[in-house]
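S.K.: model the structure of this input:
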Amino acid sequence: MGDEIGQRRGPKNIRDSLSTARETVNGDTPQLYEFGPFLLDPTERKLSRGNEIVVLTPKAFDTLLLLVRNSGHLLQKNELITMLWPNTFVEEGSLSNNIFLLRKALGGDPAFIETVPRRGYRFVGAVRQLPHAAPPRPEKPFEGHRELANEVSMDRRLPAPAVVAIPANVRRRWSTLAAIAAAALATLVIGTALWLRSPTRLADHSQWVPLTKLPDPVGQPALSPDGRMLAFVRSSSTYYALGQIYVKVLPDGEPVQLTHDSLKKMSPVFSPDGTRIAYTAVDPQFNWDTWIVPTQGGEPQRWLQNATGLTWSSPRQMLFSEVRNSRGVGLVTAQEGRIDERDVYIPLNDRGMTQRSYASPDGKWVLVAELTNYGNWGPCRVVPMDGSSRGRQVGPPGADCTFGAWSPDGKWVYLTSKAGGLFHIWRQQFPDGKPQQLTSGLTEEEGIAMAPDGRSFVTAVGLQSASIWLHDARGERQISLLEGNAAYPKFAPTGKKLCYRIVKAVPRLVGTNRDPGEVWVADLDSGHSEPLTPGFQSLDYDISTDGKQVVMEAPDGEGKPRLWLAPFDRRSPPWQIPNVEGRSAHFGPGGEILFRHTEGSSGFVYRVQPDGTGLRKALEQPVFHLNGVSPGGQWIEAWAPLPGNTSATVQMFPLGGGSPVVIGSNTGLQWSSGGDSLWISAGAVADGRTYIVPLPPGRILPKIPPGGFDSEQEIARLPGAHMIDAIGAPAPSRDVYAFERRTVQRNLYRIPIP
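M.R.: As a prediction, the model looks like this:
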């Protein structure tokens, strides 16, 4: 039976935690460590989860080994740094980055690594020590505590072979080399047989071939019909964002830039003859059009208005999405020139938006990626090309799906799915197979360009992280350090405390983040940070104007959206507002809670008292999203359709009745806690800017042009406007703000299909 090691050994000399690895290599009784679904093998320097190898950098592996060997005991930061980087000066951020990578690899449920604020870390998972039988190996010095000279970057690190674990009740030594070899061979044969019988094998990282090696992130790959050219968007986002279209000849051609403008772009695709690349472009007025550019270079031209995610289902037949007058963004098919246009799939919800579509090789089916409520991706679905039904969802149930592809024979659909918290590539046999995961690990893979022979695909492989920073008179400094991905900063009314949420994955640049996470509070004077409601995973939050309460959204046991209140002083746990289902909650006038509630296919703003009484509709106008509430609580900011439902934009609605004020598309409003300035954001989180506009006493808005802002330049011309190069969260002082800082590494790889 395995030993529980967390209770019987302490960190009296953590140097032993690494030095005993030499004993593991050369001694008689090497050990494995088992915790949760993971198996840690110090001898082979491998971490496995079932048949899956979890890829770690050398330093991340060493950090995990130290924590596991000292399970249950606090390891001080300075001790860890000394052991991991002996005789080398490194900053604390190097250690926190290792912890961040480990948490992404191990997942957060349960959380294996505990942060002891301002001191260090503790491994809190139950660890079992198992015997390890392996054939002798040539002796060599242990190199786990220093970087190898030929170390490659993490996204190209080769995973080790699968770990073979001997059952825990096997205690005797192997007496001879023959016995060792025979047992190892038998186990290998059995393991290989079981692996081959499994539904699918994960793509081997060692066979991933890099196609781009650019310093800034790229994504959204597309292959020409003959597979000889590769197009992509050079941008920080895998959705629409500022970026340029590039093309390169495979395998070793230099990337060539085809566009040179300030439009936001996404979804490039080659024409059937390979001479043109069509792509979606979003202009400052938030018009979504299809542009086209020759593959050999030339001036891009707007080709189809109100058309996004365009692809070809045959040499003359197109698929694309368009904004509908009454409901969301629907998928249509037509010949070039929009001849014989007809509907293929229309979302039921008024916020549903088909964004990308992929016709099956026989032209009878369409794989659809769509945005659902709150601008978030939903599962992909396959629908009939003739529009006769709504089809059915494919891929992991309930998981975001952003890209798709078909195998050339039409027998498989391939998907980019966020099942498990990170984006990886999945496939599913059509029409009635079960989802199978093809890629895994610390990286995320998004986008699928299928090779013409069906033996490989191209995808964007990347790593992302997000942190919260503070700008004040002293400059800029990082607030979230060790907790994980941090997003959505909000100041408490006094400005002395800053809240943010810790989430598993980096939030999307558009849409409402639907990843659960803890709300944390940072004391800006002391620098101390801690969770407001430890263990409580919320989807959104807001702080009351008196700074005494926080309202959060979290699903109940049936998955229904519920609203919860928690005291800011942490004297009691969160409690649920009774008899209320809703999202995007904000504090309104007199301590009321304003939120969005869905009725049928539309959403409306409701108001309720904290005890669940006084529930009533606040606006008769349907809204797509409730963004915020003005100082004093008399106006609400919402993204809502204009009269006639022709399009949607940000508007300010008076709670007391009256006409709304149109603000404009692709903008957001926040107010300083004192109400003396309005902060107008323009753009997405990664590439946006904020204009700080002073307000006269008693005013909540400056003079807005009729019909709202048509461009960022109009915002910049407001009297007294001052621009900061970030989407800032305002503090009481105009010179103090918090913002998200993201790092993205992403390049394109060709991955063989197992």
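S.K.: please enumerate the strands of the stretch 101-250 of the chain.
M.R.: Taking DSSP state E, counting those that start in this stretch as the criterion, the stretch 101-250 of the chain carries its strands at 113-116, 120-123, 128-131, 209-210, 219-223, 229-234, 241-242, 244-249.
S.K.: worst mean pLDDT among those strands?
M.R.: The stretch with the lowest average pLDDT out of the strands of the stretch 101-250 of the chain is strand 128-131, scoring a mean of 80.
S.K.: packing partners of it?
M.R.: If you count contacts as 3 or more Cβ pairs under 8 Å, 6 or more residues apart in numbering; DSSP states H and E, strand 128-131 packs onto strand 3-4, strand 31-35. For every residue, glycine as well, the C-beta is placed using N, CA and C.
S.K.: switch the cut-off to 10 Å
M.R.: Here strand 128-131 is seen to pack against strand 3-4, strand 31-35, strand 38-41 when contacts are counted using 3 or more Cβ pairs under 10 Å, 6 or more residues apart in numbering; DSSP states H and E.
S.K.: and it, how far out from the chain's middle?
M.R.: The offset between the C-alpha centroid of strand 128-131 and the centroid of the whole chain comes to 35 Å, using Cα atoms, centre = their mean, to the nearest Å.
S.K.: shaky segments in the stretch 651-754 of the chain?
M.R.: Applying pLDDT under 70 to the predicted model, the residue ranges of the stretch 651-754 of the chain that meet it are 683-687.
S.K.: burial measure for His260, as a count.
M.R.: Around His260 sit 9 other residues, with neighbours defined as other Cβ atoms under 10 Å.
S.K.: Gly337 now?
M.R.: For Gly337, the tally of surrounding residues (other Cβ under 10 Å) stands at 10.
S.K.: likewise the one 4 residues further on?
M.R.: The criterion is other Cβ under 10 Å. On that basis, Glu341 has 13 neighbouring residues.
S.K.: just Arg741 next, same as before
M.R.: Neighbours of Arg741 using other Cβ under 10 Å come to 16.
S.K.: helix or strand for it, which one?
M.R.: Following DSSP states H and E, the helix or strand that holds Arg741 is strand 737-752.
S.K.: indicate which one of the strands of the stretch 101-250 of the chain is closest to Gly447.
M.R.: Proximity to Gly447 (Cβ to Cβ) singles out strand 219-223 among those, at 5.1 Å.
S.K.: that closest one vs strand 737-752, what angle?
M.R.: What separates the directions of strand 219-223 and strand 737-752 is an angle of 30 degrees, with axes from the mean of the first three to the mean of the last three Cα atoms, to 10 degrees.
S.K.: ok, Val247 - contacts?
M.R.: Val247 sits next to 222, 224, 229-232, 253, 255-258, 268, 270, 277, 293-297 when contact means Cβ atoms under 10 Å, 6 or more residues apart in numbering.
S.K.: so it bridges to which residues?
M.R.: Ala231, Val256 (DSSP bridges).
S.K.: cool, Trp671 as well?
M.R.: Leu678.
S.K.: look up how far Val127 lies from it.
M.R.: Here Trp671 is placed at a distance of 50 Å from Val127 (Cβ to Cβ, to the nearest Å).
S.K.: which one of those two has more residues nearby?
M.R.: Val127 (25 against 20).
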